[in-house]
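Asker: With the input below, show me the fold.
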Amino acid sequence: MVSRVEVSEDFRKQVLGYGLTTAQILYRMPDHRSLLQTYVWQNYDLFPKFPALQDFLAFWQEKIEGPLYSVTVAHSKLIKPAELRAVDGVFRLN
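Answerer: A predicted model of the protein is given here:
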């Protein structure tokens, strides 16, 4: 009998090429435009166009009163090819 193992949606996205994207968003306070506030957004997204982040920023500009000041993005693919290389020899540890 073959058992079916369910995988998480996050893992499924990683296999499809999504990576973990973190955006630090600086925005101006609605009542005090000279003050900046920080918001950190994190989700799985596709490099280099970042469609999920683009959708979130469009939502922000449409629905939230605090105007955006800057957005800094960091992205990392969590599933990568193995970083191994063949060597000539065998090393033993006690």
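
Asker: After the strand or helix carrying residue 54, which helix or strand is next?
Answerer: Per DSSP states H and E, residue 54 falls inside helix 51-63. Downstream of helix 51-63, the next assigned helix or strand under DSSP H and E is strand 68-76.

Asker: Quick one: residues contacting the spatially most central residue of the chain.
Answerer: With distances taken as C-alpha atoms, centre = their mean, residue 21 lies nearest the centre of the chain, 1.3 Å away. By C-beta atoms under 8 Å, 6 or more residues apart in numbering, the contact set of residue 21 is 42, 43, 44, 45, 47, 50, 52, 53, 73, 74, 75. Where C-beta positions appear, they are placed from N, C-alpha and C, glycine not excepted.

Asker: In the residues you listed, which residue is surrounded by the most others?
Answerer: residue 45 (23 neighbours; other C-beta atoms under 10 Å).

Asker: thinking that one is in contact with residue 53, fair?
Answerer: Yes - with contact defined as C-beta atoms under 8 Å, residue 45 and residue 53 form a contacting pair (5.5 Å).

Asker: I'd assumed residue 46 was in contact with residue 18.
Answerer: Yes - checked against C-beta under 8 Å, the pair residue 18 and residue 46 is within contact range at 5.8 Å.

Asker: Compare neighbour counts for those two and give me the winner.
Answerer: residue 18 (20 against 16).

Asker: which ones are touching the nearest residue to residue 47 once chain neighbours are set aside?
Answerer: Leaving aside its sequence neighbours, residue 47 sits nearest to residue 75 (C-beta to C-beta, 6 or more residues apart in numbering; 5.1 Å). Residue 75 makes contact with 19, 20, 21, 22, 45, 47, 50 under the criterion C-beta under 8 Å, 6+ apart.

Asker: hey, where'd the strands end up in the chain?
Answerer: Ranges of strands within the chain are 19-28, 36-45, 68-76, based on DSSP state E.
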